[in-house]
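Engineer: Following is a predicted model, sequence given first.
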Amino acid sequence: MSSEHVTHWINGKPFDGAAGRRGDLYEPSTGRLSGTVDFAGPAEIDAAVAAARAAFPGWRDTSLSQRVKILFRFRELLTAHRDELARIISSEHGKVVSDAAGEVARGLEVVEFACGIPHLLKGGFSENVSSRVDAYSILQPLGVVAGITPFNFPAMVPMWMFPVAIACGNTFILKPSEKDPSAAVRLAELWAEAGLPGGVFNVLHGDKIAVDGLLHHRDVKAVSFVGSTPIARYIYETAARNGKRVQALGGAKNHMVVLPDADLDLAADAAVSAGFGSAGERCMAISVVVAVDPVGDELLAKIKDRTARLKVGPGHDPAAEMGPLVTREHRDKVASYLDSGVAQGATLAVDGRETEILGERGEGFWLGPTILDHVTPEMDAYQDEIFGPVLSIVRVGSYEEAMELLDANPYGNGTAIFTNDGGAARRFQNEVEVGMVGINVPIPVPMAYYSFGGWKASLFGDSHAHGMEGVHFYTRTKAVTARWLDPSHGGVNLGFPTGD
Ligand code: NAD
């Protein structure tokens, strides 16, 4: 369960100072106030950065084999505590426990990737590039790096970042979402148990003040951000202006194109799973189904049929497949798109406000699976990232019309095509301006050894998360040219060296 009071984790232990400001924590399934979280001000920001800075030289010089031993121990602890972490996540976020366990598992895969760091950090070596001169490259850590993460994956998204950053020899400050901060602290405790030296992994809680403190701190060398597009743009611009390396992953509006030759049962299963899993609060959730004529009516009927059978209830209820939304404000904002959609001409094919809830509805932040049909691009429900259990259906006349829709959309995180035509799928994969593409796969999240990231307004910066792009983001390459003189000296030469 979430702690009643959550504080920062600095230098290998809970912060023992008094907080100037705090935020409230809620249990989304009941609406009950469940605790508070300390918000960092300048003193805590300085303390976290100072701890990470002090730990850097020792950690940078820790041998690769020693780093890997700690990573393996952390992996074992994560596996052993997976269910406990899932319950913590569920109680603050609202998602069902099985889904939360899935997010821990996906984060764990990045830890496993990072366990291979000795191989990943190998540079190149060229012997005799000039007479008796060798050239080689080494990958070195940056120093103190920060990760700022969203509410929707309180364990997985931080684990896209810190296993790789730490394995590369950096020290890390995580600023998790203030809506569900407890998982981050539990992860810090597990790191300590695994033997990670104090100060290598720190957790700083808070809001814009904490974020801005990190963005402006001269000892923070790089910033990884995942969250909404307006904040991603702000982080990118501010961090870059302050001379930091930055990758900022933003919001999404993921389209699933269903061609007339698709297996409609498969497509309907996928649309419901990808639209309503985690109550649609996934950056890779499908929020728009693009039905290419003539499949619209038949596909809608199949989607409605499956939606009607979904069980909505508290995350800890094993019978529940979908939980509540994260906060009351977010629930109300998501629900407002039902009214605006209808007012702007859409059809409310399934109204999630009427969904039956397992157990007590209470004051929980409930909104059941909702389907808006006949959505068109001018509607707010299409233009905005709703980030909730609202699936929009847009009907188009052809593949080309579907592509025009996707091209015009500002986001480019994930997309999927459902078809049995290999040529159409290949054309889609080639043409679409989206970073992660699924072919008969609705949520094409790359494995840890590939990299995660979107295009267009879904990513600011040029490197994606984890995989080799993560290793490059968290290291600087140094190219060394070395000559060990044999006794014959060549003498002074002001010309440009050639390979002779
Ligand atoms: P958010 O942008 O509101 O918050 C993300 C982080 O930024 C939090 O730690 C928050 O404290 C901080 N923050 C919020 N407002 C800030 C401000 N004005 N100045 C500085 N920092 C600020 O996002 P959220 O609501 O927590 O998460 C949902 C969003 O994240 C969705 O848009 C979703 O698509 C996106 N997301 C994207 C990905 C991806 O990989 N592209 C993954 C997960 C979530």
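Structural biologist: Noted; the coordinates are in hand.
Engineer: Ramachandran angles for the residue nearest the centre of the chain?
Structural biologist: The centroid of the chain falls nearest to Val157 when counting by CA atoms, centre = their mean (3.9 Å). As for Val157, its main-chain torsions (degrees, to the nearest 10) stand at phi -60, psi -40.
Engineer: same thing with Val111?
Structural biologist: Per-residue torsions, Val111: phi -60, psi -40 (degrees, to the nearest 10).
Engineer: Quick check: which element contains Ala320?
Structural biologist: Per DSSP states H and E, Ala320 falls between elements, in no helix or strand.
Engineer: That one and Ser463: what is the separation?
Structural biologist: To Ser463, Ala320 is 37 Å away according to CB to CB, to the nearest Å. The C-beta positions use only the backbone N, C-alpha and C, and glycine is treated the same way.
Engineer: out of the two, which sits in the more crowded spot?
Structural biologist: Ala320 (24 against 19; other CB atoms under 10 Å).
Engineer: Chain neighbours aside, what residue packs nearest to the more buried one?
Structural biologist: Distances taken as CB to CB, 6 or more residues apart in numbering put Gly313 closest to Ala320, at 3.4 Å, once the chain neighbours are dropped.
Engineer: Which residues are in contact with that neighbour?
Structural biologist: For Gly313, the contact set (CB atoms under 8 Å, 6 or more residues apart in numbering) comprises 29, 319-320, 322-323, 357-359.
Engineer: what are the phi and psi values for it?
Structural biologist: The phi/psi pair for Gly313 (degrees, to the nearest 10) is phi -170, psi -180.
Engineer: gap between it and Val96?
Structural biologist: 8 Å.
Engineer: can you list residues touching both of these two?
Structural biologist: The contact lists of Gly313 and Val96 share 320, 322-323, where a contact means CB under 8 Å, 6+ apart.
Engineer: Show me what from the protein comes close to the ligand.
Structural biologist: 148-153, 157, 175, 177-178, 207-208, 211, 226-228, 231, 249-252, 283, 385, 387, 413, 454, 458 (CB under 6 Å from any ligand atom).
Engineer: can you count the residues close to the residue nearest to Ile303 when sequence neighbours are not counted?
Structural biologist: Distances taken as CB to CB, 6+ apart place Ala268 nearest to Ile303, at 4.9 Å, with adjacent residues excluded. When neighbours are counted by other CB under 10 Å, Ala268 registers 24.
Engineer: in the helix or strand harbouring Ala268, what counts as buried?
Structural biologist: Using DSSP H and E, Ala268 sits within helix 264-276. Under the neighbour-count criterion of 16 or more other CB atoms under 10 Å, helix 264-276 has 264, 267-268, 270-276 buried.
Engineer: hey, C-alpha coordinates of that helix in PDB?
Structural biologist: C-alpha atoms of helix 264-276 as PDB (Å, rounded to 0.1, in the frame of the first residue of the first chain):
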ATOM      1  CA  LEU A 264     -12.200  -8.100 -37.700                       C
ATOM      2  CA  ASP A 265     -12.400 -10.300 -34.600                       C
ATOM      3  CA  LEU A 266      -8.700  -9.800 -34.100                       C
ATOM      4  CA  ALA A 267      -9.000  -6.100 -34.700                       C
ATOM      5  CA  ALA A 268     -11.900  -5.800 -32.300                       C
ATOM      6  CA  ASP A 269     -10.000  -7.600 -29.600                       C
ATOM      7  CA  ALA A 270      -7.000  -5.400 -30.200                       C
ATOM      8  CA  ALA A 271      -9.000  -2.200 -30.200                       C
ATOM      9  CA  VAL A 272     -10.700  -3.000 -26.900                       C
ATOM     10  CA  SER A 273      -7.500  -4.200 -25.200                       C
ATOM     11  CA  ALA A 274      -5.400  -1.300 -26.400                       C
ATOM     12  CA  GLY A 275      -8.100   1.300 -25.900                       C
ATOM     13  CA  PHE A 276      -9.300   0.400 -22.400                       C
END
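Engineer: Model confidence at Val350, what's the number?
Structural biologist: According to the prediction, Val350 has pLDDT 98.
Engineer: likewise Val110?
Structural biologist: 98.
Engineer: For Ala192, see how far away Phe428 is.
Structural biologist: 47 Å.
Engineer: err, His217, not the other one
Structural biologist: Counting by CB to CB, the gap from His217 to Ala192 is 24 Å.
Engineer: What's the local residue count around Tyr449?
Structural biologist: 15.
Engineer: Can you give the contact residues for whatever helix or strand Ser340 lives in?
Structural biologist: In this assignment (DSSP H and E), Ser340 forms part of helix 328-343. In this structure, residues lying in contact with helix 328-343 by CB under 8 Å, 6+ apart are 26, 31, 280, 324-325, 348, 351-353, 365-367, 370, 372, 375, 379-381, 384, 386-390, 392.
Engineer: in it, what's buried?
Structural biologist: Using 16+ other CB under 10 Å as the test for burial, helix 328-343 gives 330-331, 334-335, 337-338, 341.
Engineer: what's the closest of these to the ligand?
Structural biologist: His330 (7.6 Å; CB to the nearest ligand atom).
Engineer: on that earlier part again, kindly state the pLDDT recorded for the residue nearest to the centre of the chain?
Structural biologist: So, for Val157, pLDDT stands at 98.
Engineer: and it, what is it in contact with?
Structural biologist: 149-150, 226.
Engineer: Cross these against strands and list the overlap.
Structural biologist: Judged by DSSP state E, the contacts of Val157 include Val226 as members of strands.
Engineer: Among the contacts of Val157, which one has the most neighbours?
Structural biologist: Greatest neighbour count in the contacts of Val157, by other CB under 10 Å, goes to Val226: 28 neighbours.
Engineer: pLDDT below threshold where in this protein?
Structural biologist: 1-3, 487-490, 498-500 (pLDDT under 70).
Engineer: about what we covered before: let me know whether the residue nearest to Ile303 touches Ala291 as I believe.
Structural biologist: No - the criterion here is CB atoms under 8 Å, and Ala268 misses it with Ala291 at 10.8 Å.
Engineer: residues bridging contact with those two, i.e. touching both?
Structural biologist: Contacts common to Ala268 and Ala291, judged by CB under 8 Å, 6+ apart, are Leu299.
Engineer: the strands in the stretch 51-200 of the chain, which residues?
Structural biologist: Ranges of strands within the stretch 51-200 of the chain are 125-130, 133-141, 144-148, 171-175, based on DSSP state E, counting those that start in this stretch.
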